[in-house]
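*Asks:* Pasting the sequence and the predicted coordinates here, then a few questions.
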Amino acid sequence: MKPIFLLLACAAALCAADTVLQLDPARTQIAFTLSDPLHTVHGTFKLKRGNIRFDPETGKASGEIVIDVASGESGSGMRDRRMHKDVLESKKYPEAVFTPNRVDGHLGQTEMTVYGMFRIHGAEHEMTMNFKVTAEGGGYAATAHFAIPYVQWGMKDPSNFLLKVSDKVEMDVKTFLATDGHG
């Protein structure tokens, strides 16, 4: 009987060592920028849900950050319809999901690097996100900037003979991370 209690105590101690970060959808902004020689398109996506669980000692991570692809908007109905129908195919692929597998850094540092897989448009791609983190109101404010090479990743290039847009979309994320108290 003693080995079972020892095993349970060890398992509880291991779980307690993990840090869990919850991303607050109401306090998360996901902005995109797509440039062309004549003008720049700005838009947004909404976060559905997100959490990252990681062990600060080993860096091993799990969880998921789920973006509502169908929520994407740029302020132009015609452009947004084309973006959803031809580029993102958001009816077929309504979500983009980042699944972390490793975190370098720990809460209290000003920067953390999160590694994982990003599933978008039916395919997975390795991705690294560098977050700047500051303590704020019982949690942490975090920002990240990264580029998505959407054409390289199999999405349609919306360029035509009159308009040539970048083959990468720049992403800026601002979010609030609530912790489970183990950070």
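*Replies:* Thanks, I have it.
*Asks:* Let me know how buried residue 104 is, in neighbour terms.
*Replies:* 15 (other CB atoms under 10 Å). Placement of C-beta: from N, CA and C, glycine included.
*Asks:* distance of it from residue 79?
*Replies:* In this view, residue 104 and residue 79 are 38 Å apart by CB to CB, to the nearest Å.
*Asks:* Same check on residue 156?
*Replies:* Residue 156 is 14 Å from residue 79, by CB to CB.
*Asks:* And the next helix or strand past the helix or strand encompassing residue 79?
*Replies:* In this assignment (DSSP states H and E), residue 79 forms part of helix 77-82. Counting by DSSP H and E, the next helix or strand C-terminal to helix 77-82 is strand 95-104.
*Asks:* ok, then the element right after that next one?
*Replies:* Strand 95-104 is succeeded, C-terminally, by strand 111-120 (DSSP H and E).
*Asks:* can you list the residues that contact that next one?
*Replies:* The contact list for strand 111-120 (CB atoms under 8 Å, 6 or more residues apart in numbering) reads 52, 61, 69, 93, 96-106, 124-133, 142, 148, 153.
*Asks:* Just the buried residues of the residues you listed.
*Replies:* Among the contacts of strand 111-120, those classed as buried by 16 or more other CB atoms under 10 Å are 52, 61, 69, 93, 96-100, 102-103, 105, 125, 127, 129, 131, 133, 142, 148, 153.
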